[in-house]
Every structure is written in C-alpha cells, then in structure tokens.
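**Student:** With the input below, show me the fold.
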Amino acid sequence: MADINVNTIENEAEDLNEVVRIRRQKLKDLVDAGQDPFQKVRFDFDTYSTQIKEDFENYENKDVVIAGRIMSRRDMGKANFIDVADGKGRIQCYIKIDEVGEEVFEQYKKWDIGDIVGIHGFAFRTRRGEISVHVKEIELLAKSLLPLPEKFHGLTNTDLRYRQRYVDLIVNPEVKDTFIKRSMILKEIRNYLDSKGFLEVDTPILTPFEIGASARPFVTHHNTLDMDMYLRIETELYLKRLIVGGMDRVYEVGRIFRNEGMDTKHNPEFTTIELYQAFTDYKGMMDLVEELYKLLAEKICGSLDITYQGKEIHMGQWERLTMVEAVKKYAGCDYYEWATDEDARACAKKMHVEVPKDATKGTVLIELFDAYVEEKLIQPTFIYDYPVENSPLAKRKASEPAFTERFEYFINATEFGNAFSELNDPIDQKARFERQVALKRAEEPNTTAQVDYDYITALEYGLAPTGGLGFGIDRLVMLLTDSASIRDVLLFPTMKNID
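**Tutor:** Numbering: from 1, shown residues only. Next up is the predicted model:
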C-alpha cells in the first residue's frame, strides 16, 4: 500500500474549506441583494435534453425551456458554453452577453459548477455541429454549497459512492442508467404476471413472532401492544393463506430483512418477488421462470445472449437436472449406489467433503452439490427434486418420498430463485415445523422461534395443489445490468457508520 501523504490530505482539506467559504459568501451576497435562490419555489420547464438531441429536426430553432445542473463551463469572455445536466441527460448551452444582458451575464459569471439553473432559449447546432441551446434567459434556481468531484476522475471511491449516492448519480451518468433499468425490470415483471392473471398484494412487514426458519430476523418492540415484533424474513406464509382464501394467483414485490452477513451478493434488506398459483406444480413454475427470464433479457438487454462480468450467458438455453443427476455429472457420485446412510458418509469422506456424523443420504447429497456442482452452473440451469432434509415447505414426491418437488435455478454459479410444489398436508406441515423449531432451539437455546400454528389452521381449511416461486430482484438486476456487487443495484445499501 502506498504511503499516505499527510500534508497532501491537510492541504486538500484546507482547499475544500476555502471553496466552501467562498460559495457560502456568494450565497450571502445573493441573499443581501434580495436574490436568495432558495426562495425559488417553481420553474416550469417543457423539454428534456434528450428530446432535443433525439428529435433535433423538429426542435431546431424552436423555443425550449430546460432546467438542470451546471456540470462544466468554458469561458470565452463575452460568450460562454456550459453543460447542463437534467433528469434525462446533458446538453450544451451557449450564453452570450448581448443576448441575456450585461447585468444577468455578470451575475451568471459568479455562479458555480453544481448550481441549478433554469433556461429559456432555442435549439440550434454550433459551427462544430454540436446540438445546443442558445440561451435567451437564465436564472439561478438553487445554489450548490459543496463542489462536485474533480471532472476527470469523478467520484471513484466505492465506499463514498454508496454513502453519497446523490453525488454518485450526479457525476456518474451510467449509475442512473442502472437504476432506470431496475425500474424497467420491475415494470416488465409486473406486466408479465398481471398478463397471466396474477394479483399483486401486500402482506405484513412486522410479524408477531419469529418462525423456525434458519434466517435470523431483526427484532423491534411495539410500545402500545408491549410486545416484540419481527421484520419479515419472507412473504410466503401470508401469501399461501390468500390461496386458501380463494385468491388463485397472487404475488408480492416485497422488502425482506435478514440480520445476517453482508457481501457482494447479500444486503440485510433486499427485494424479492414471491408468487403462488393454485392448481399447478413446481414444473409449472419452471416454465414460468424460463419464459419470464427470456422476456426480460430481450426487453432489457435486447438479446437472449448477455454478458455478465466477462462471461457469455445464453438466456435462451436452460438445462434441467435433478440434484441426483447434477451430483453424478459433476462429482461422479451416484446417490442410487448408496445402500445406507453410512455408504453416503463414506462417499463424502472419499470426496473430502465434511458432513455431520449422523448425516443421512439426503444431507450428503446436498453437501456434495454445494462442494462440486454449484460453481459449475454458469449457464441457466434448473436443479430440481431436493432431499426432504432441507425442504420443509415442499411437497414430497409421491414416487420417491425421500425427495421433494422443489427446484432452485442457477446462473453464473449463483442461486437466483427457489420454487416448490407447495406442501398442503397440514399434518405433515405441522410435524415439519415442530421439528424445525426443535432443532433451532437445540442449536440456539435463547431463540424465540415458534411454530406458526395459525398457518397450520389455514391449511386445515384446505390449500389447493399450488406452485410457489420466490426470487431476488437485486441479483436479477445485477445480472441484467452487468453489476458486480449488490450495492451497485441498491440506491442506498446498508453501510457501517463512520466513527
């Protein structure tokens, strides 16, 4: 690591303080002159920069009103060029003293990069051919008291970019493009599901108790009820209550909260979509996923072949493998050759995979999958028929009760979603929940985890055969925008406080 030059840091801090002092003095001068820019309450613009550039033939020599932030200035004495950034893009503006008047021009010369202005003018093309706005009137709408990052380097400190997303969006236009695409992705998903007859619903974020799932919740306290409450770790159980109630197709775009680790793929709060469809199964959900992801690739990326972090991903081709088939293909271990759990544990030992002393065949299969298979799943792949050991909410396969009708799908060695043929047997579900909670209490004696018996009651009224699917929006946005970290697709990711 290079040595830090303390004198350089101190000099930069002094320079910044001087810039801030000068800008604040400029604001004071404006206020004293009765021109406080923060008293401006409205400016009616009628045109975005992109409209002028994309349809110049119809805008040339026509009056336009634009508004935005000064991003650069080129001073040529009695005429200036400035670049103005609005909500859609940037455009050059030409300001001439004999057009706006000497008094306005002198005021304008005291404004700073970062100030927000309103402009009346007309669209034209400069002698060099650049589409621009010829300014007839200009006014200051808001004063920037802090300087923007230096022009050629921008805001490059990753940590600072996430903490000050507002500056990141100003100086790095491609960042805004990512979040525009995020919004488009959500819109297309909703359009697709709505077209299939699904109903978007909302379910509680605050829940009355901790369920037995492995995810650790955030805990808060309701003062009026004098009870602890938990931020939800999933939307599943409430949505399936709605299927019981006769809402045959429902989905929720929901914020989820998990008090766990953070890395490039995990943030404590994130967005998922969960959907449930009565009278279908997990294979119906596979078809839905494949159709939806192909549609999204075409709509957002313009092609079924996309690039993610240098890898070509072919969204038009999806492989389907059972977990048994996948482990045999990539690890060379055949589940059906294990006569006993002991045989399975011996195979794990041979493959240098550590498993619990009492591991079952299903548990060993899962561990071998994690160790040998997932990293190989670069192209879109469905892995289905999971062991019952790690699928407490999925229906058992009638033909093989050791497995469940469950799948996960993987792209670029990352799990993107999870789906089941939903367990609708209340007796089996109750037993699985109670076993899950008992295991959690054995592992964490201080846990407050409980069985959701109200959900069991709902099942006792009858849940139709149902297919369910959940997938993370953030990872999907990462994939379709070629973003390396989940923090790149969250406007305000969770960050540690600065001491």
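
**Student:** excluding its backbone neighbours, what's nearest residue 59?
**Tutor:** residue 123 (4.2 Å; C-beta to C-beta, 6 or more residues apart in numbering). Glycine gets a C-beta too; all of them are placed from N, C-alpha and C.

**Student:** got a list of contacts for the host helix or strand of that neighbour?
**Tutor:** According to DSSP states H and E, residue 123 maps onto strand 116-125. For strand 116-125, contacts defined as C-beta atoms under 8 Å, 6 or more residues apart in numbering pick out 43, 45, 52, 56, 59-70, 84, 93-94, 111, 131-142, 144.

**Student:** if we can go back for a sec, partner residues bridging the residue nearest to residue 59?
**Tutor:** Counting by DSSP bridges, residue 123 is bridged to residue 60, residue 133.

**Student:** tell me, how many neighbours does it end up with?
**Tutor:** Residues lying near residue 123 (other C-beta atoms under 10 Å) number 23.

**Student:** And it, what's its pLDDT?
**Tutor:** What the model reports for residue 123 is a pLDDT of 98.

**Student:** Ok, residue 254 next?
**Tutor:** pLDDT recorded at residue 254 is 94.

**Student:** List the buried residues of the strand or helix carrying it.
**Tutor:** Using DSSP H and E, residue 254 falls within strand 249-257. Within strand 249-257, the residues scored as buried using 16 or more other C-beta atoms under 10 Å are 249, 250, 251, 252, 253, 254, 256, 257.

**Student:** which two in those residues are spaced the farthest apart?
**Tutor:** The span of the buried residues of strand 249-257, defined through C-beta to C-beta, is set by 249 and 257 at 25.9 Å.

**Student:** Heading C-terminal from the helix ranked longest in the chain, find the next helix or strand.
**Tutor:** Ordering each helix of the chain by length in residues (DSSP state H) puts helix 6-32 first. Sequence order places helix 49-54 as the next helix or strand after helix 6-32, per DSSP H and E.

**Student:** what about that following helix, distance to the chain center?
**Tutor:** Centroid separation for helix 49-54 versus its chain: 29 Å, with C-alpha atoms, centre = their mean, to the nearest Å.

**Student:** Could you list every helix and strand in contact with it?
**Tutor:** strand 63-75, strand 90-96, strand 131-142 (3 or more C-beta pairs under 8 Å, 6 or more residues apart in numbering; DSSP states H and E).

**Student:** So for residue 182, which of those strands sits nearest?
**Tutor:** Nearest to residue 182, of the helices and strands packed on helix 49-54 and by C-beta to C-beta, is strand 90-96 at 21.5 Å.

**Student:** buried sites along the helix or strand residue 287 falls within?
**Tutor:** Using DSSP H and E, residue 287 sits within helix 282-296. Burial within helix 282-296, assessed by neighbour count using 16+ other C-beta under 10 Å, is assigned to 282-286, 288-290, 292-296.

**Student:** What are the boundaries of the strands in the stretch 151-300 of the chain?
**Tutor:** Under the criterion DSSP state E, counting those that start in this stretch, the stretch 151-300 of the chain contains strands at 199-200, 206-207, 219-222, 227-231, 249-257, 269-278.

**Student:** Could you dump those into CSV and include distance to residue 429?
**Tutor:** Below are these laid out as CSV (distance: least, C-beta to C-beta, whole Å):
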stretch, distance to residue 429
strand 199-200, 24
strand 206-207, 18
strand 219-222, 25
strand 227-231, 20
strand 249-257, 19
strand 269-278, 15
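
**Student:** looking at these, which is buried most?
**Tutor:** Comparing the strands of the stretch 151-300 of the chain by mean neighbour count (mean count of other C-beta atoms under 10 Å), strand 269-278 ranks first with a mean of 22.

**Student:** for the record, mean pLDDT for that strand?
**Tutor:** On average, strand 269-278 scores 98.

**Student:** I'd guessed residue 481 sits against residue 183; true?
**Tutor:** No: the criterion here is C-beta atoms under 8 Å, and residue 481 misses it with residue 183 at 11.5 Å.

**Student:** where along the stretch 301-450 of the chain do the helices fall?
**Tutor:** With DSSP state H, counting those that start in this stretch, the ranges of helices along the stretch 301-450 of the chain come out as 323-331, 341-350, 361-368, 426-443.

**Student:** ok, residue 395 - how many residues close by?
**Tutor:** Residue 395 is flanked by 23 other residues according to other C-beta under 10 Å.

**Student:** in the sheet, who's paired with residue 277?
**Tutor:** Residue 277 forms beta bridges with residue 249, residue 467, as assigned by DSSP bridges.

**Student:** wait, isn't it in contact with residue 465?
**Tutor:** No: Residue 277 is not in contact with residue 465 according to C-beta under 8 Å; the separation is 9.9 Å.

**Student:** Without its sequence neighbours, what residue ends up closest to residue 179?
**Tutor:** residue 491 (6.3 Å).

**Student:** Return the helix or strand in this protein with minimum mean pLDDT.
**Tutor:** helix 6-32 (a mean of 81; mean pLDDT, DSSP states H and E).

**Student:** So which bits of that helix are buried?
**Tutor:** Neighbour-count burial for helix 6-32 [16+ other C-beta under 10 Å]: 23, 26, 27, 30.

**Student:** so can I have JSON lines of these showing distance to residue 449?
**Tutor:** Below are the buried residues of helix 6-32 laid out as JSON lines (distance: C-beta to C-beta, whole Å):
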{"residue": "23", "distance to residue 449": "55"}
{"residue": "26", "distance to residue 449": "59"}
{"residue": "27", "distance to residue 449": "56"}
{"residue": "30", "distance to residue 449": "60"}
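
**Student:** Between those residues, which sits nearest residue 305?
**Tutor:** residue 23 (49.0 Å).

**Student:** you'd agree that closest one is up against residue 143?
**Tutor:** Yes: look at residue 23 against residue 143 with C-beta under 8 Å: they come within range, at 7.2 Å.

**Student:** anything in contact with each of those two?
**Tutor:** residue 112.

**Student:** follow-up on the earlier one: by how many degrees do the strand holding residue 123 and strand 63-75 diverge?
**Tutor:** If you take axes from the mean of the first three to the mean of the last three C-alpha atoms, to 10 degrees, strand 116-125 sits at 100 degrees to strand 63-75.

**Student:** Between strand 90-96 and strand 116-125, find me the angle.
**Tutor:** Using the same axes, to 10 degrees, strand 116-125 lies at 90 degrees relative to strand 90-96.

**Student:** which one of the buried residues of helix 6-32 is nearest residue 446?
**Tutor:** residue 23 (53.6 Å).

**Student:** quick one: the residue lying closest to the closest one once chain neighbours are set aside from residue 404, how far?
**Tutor:** Excluding its sequence neighbours, the residue lying closest to residue 23 (C-beta to C-beta, 6+ apart) is residue 145, at 5.0 Å. Noted for residue 145: a distance of 59 Å to residue 404, by C-beta to C-beta, to the nearest Å.

**Student:** next one: residue 99
**Tutor:** 74 Å.

**Student:** go on, residue 378?
**Tutor:** 26 Å.

**Student:** which of those two has more neighbours?
**Tutor:** Per other C-beta under 10 Å, whichever of residue 378 and residue 404 has more neighbours is residue 404, with 26 against 16.
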